[in-house]
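Colleague: I'd like to go over a predicted model; first the sequence, then the structure.
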Amino acid sequence: MTPTAASAEREKTLAADAPFFIVMNAGSGRRQADATRTVLERELGAAGRRFELRVVDDPRRLASIARETAAAACAQEGVLVGAGGDGTLCTVAHAAYDAGCPFAVLPRGTFNYFSRDHGIPADLEQSTQLLLDARAYPVQVGFVNGRMFLVNASLGLYPRLLEDREIYKRQFGRSRLVALWSALFTMLKPHRHLRLHIDHEGSTTEIRSSTLFVGNNRLQMEQIGMPNEASALEQGLLVAIAPRPVGRLMHLWLSLHGAAGRLSDSDHVVSFTFERITVTHPSKRRRAIKIATDGEITKLRMPLEFHVSEKPLFLLKPEPAVAEANRS
């Protein structure tokens, strides 16, 4: 969403009795789903607001159920709500974006970058109460070959890191500490470097890197120490980051720099901002490659087209000043 488009798209005020259609991924367990329903019945019920909760037990059906629920939300001038982590929220948001209905979130994940960046509280009661008062503001989304991402998209080492993280989570549970340890072990394994051609603004650049990371989340950019790139996201741009070809120990060192919020200090990282880029293999083969979008992994065929969406997603969130104060 360019600055011109952002200024043209103002916030939307919802009907006072707009119903909520909530899609929740039950991957975190039935207990969390039951707790969510209890809070919804208490908070929304007390306000006299109608809602429908659809709990998805099979992750393979999440996208189709989200599309069905989005259609129901549009038909009744309601709001489509995603309950889960960033991956779940992205899938449900894509359905809201395609259907043209407002979107809201109930954060239930580990990192919750999307909701935190927009000042939406992690506490379930508070985020549920927010649904009753919030207006829908336009927010930027990115796409790669038609696949939406709210937070980031990547290829190379990063998708492998996410795959390994899921294995560790199944063994040791979901926590930030488990995610950190799995990342350290993955980076110490042997890995190969990608050769990529990047077409950007009429010129082609070849890079060699273990990963190409495309960011769309200001909070995440700030946390790894790239404030200029974080600011660029407010101007309708995406951020591309690629470490230079380095060994495993240097990769670990770069990761520690990022964790300490000092990645921009390193000479071993290339970054640039863009509205649209095309990524190909030097051979120009239409090879399939693993892509991670908001933590969910799929295979897409090259060339890869990364771009900022021409229209925004309308998200229920606090007033801008409140949202800024709530970011964490």
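Modeller: Perfect, I can see it now.

Colleague: make it CA atoms for all contacts and neighbour counts henceforth
Modeller: Will do.

Colleague: Could you list the domains of this structure?
Modeller: With automatic domain parsing as the criterion, the domains of the chain are listed as 3-141+311-326, 147-308.

Colleague: now the shortest one: mean pLDDT?
Modeller: I take that to be domain 3-141+311-326. If you average the pLDDT over domain 3-141+311-326, you get 90.

Colleague: Any regions of the stretch 101-250 of the chain where pLDDT drops low?
Modeller: Screening the stretch 101-250 of the chain residue by residue with the criterion pLDDT under 70, one finds the ranges 163-170, 172-191, 245-250.

Colleague: where along it do the strands fall?
Modeller: Counting by DSSP state E, counting those that start in this stretch, the segments of the stretch 101-250 of the chain that form strands are 103-107, 135-139, 142-144, 147-149, 152-156, 194-200, 203-209, 211-215, 238-243.

Colleague: Quickly compare those and say which is most buried.
Modeller: strand 103-107 (a mean of 29; mean count of other CA atoms under 10 Å).

Colleague: still on that earlier bit, of the strands of the stretch 101-250 of the chain, which is nearest T128?
Modeller: Distances from T128 to each of the strands of the stretch 101-250 of the chain were compared using CA to CA; the shortest belongs to strand 103-107, at 6.9 Å.

Colleague: Show me the helices in this protein, by range?
Modeller: With DSSP state H, the ranges of helices along the chain come out as 3-8, 30-46, 62-75, 86-99, 113-117, 124-133, 157-172, 176-187, 218-223, 227-233, 248-259, 320-326.

Colleague: Okay, Q220 and I297: tell me how far apart.
Modeller: According to CA to CA, to the nearest Å, Q220 and I297 sit 19 Å apart.

Colleague: repeat for V269
Modeller: Shown here: V269 relative to I297, a distance of 24 Å by CA to CA.

Colleague: between these two, which one's more packed in?
Modeller: Set V269 next to I297 and count neighbours by other CA atoms under 10 Å: I297 wins out with 18 against 15.

Colleague: Show the contacting residues for the closest residue to the more buried one other than its chain neighbours.
Modeller: Computed as CA to CA, 6 or more residues apart in numbering, the closest residue to I297 that is not its neighbour in sequence is I291, at 5.6 Å. Shown here is I291, whose contacts under the criterion CA atoms under 8 Å, 6 or more residues apart in numbering are A153, S154, L155, G156, P159, I297, T298, K299, L300.

Colleague: can you pull the contacts of the third one?
Modeller: If a contact means CA under 8 Å, 6+ apart, then L155 has T211, L212, F213, I289, K290, I291, A292 as its contacts.

Colleague: Setting aside sequence neighbours, what's the nearest residue to the third one?
Modeller: Closest residue to F213 in three dimensions, ignoring its sequence neighbours and counting by CA to CA, 6+ apart: S154, at 4.4 Å.

Colleague: Report whether the expected contact of the one you found with T211 is present.
Modeller: Yes: under the criterion of CA atoms under 8 Å, S154 makes contact with T211 at 7.0 Å.

Colleague: Would you check how far apart the residue nearest in space to the middle of the chain and A325 are?
Modeller: Closest to where the C-alpha atoms of the chain average out (CA atoms, centre = their mean) is V151, at 2.9 Å. With distances defined as CA to CA, the gap from V151 to A325 amounts to 20 Å.

Colleague: cool, A95 as well?
Modeller: 29 Å.

Colleague: Neighbour count for these two, which is higher?
Modeller: Remark: of A95 and A325, A95 carries more neighbours, 24 against 11, as counted by other CA under 10 Å.

Colleague: Around V270, how many other residues sit close by?
Modeller: The local packing count at V270 equals 15, with neighbours defined by other CA under 10 Å.

Colleague: Spit out the contact partners of L106.
Modeller: Neighbouring residues of L106 by CA under 8 Å, 6+ apart: V81, G82, A83, G84, A122, L124, S127, T128.

Colleague: what sits against C101?
Modeller: With contact set as CA under 8 Å, 6+ apart, C101 has these partners: A70, A73, C74, E77, G78, V79, L80, F314.

Colleague: which of those tops the neighbour count?
Modeller: Each of the contacts of C101 was scored for neighbours by other CA under 10 Å, and L80 scores highest at 32 neighbours.
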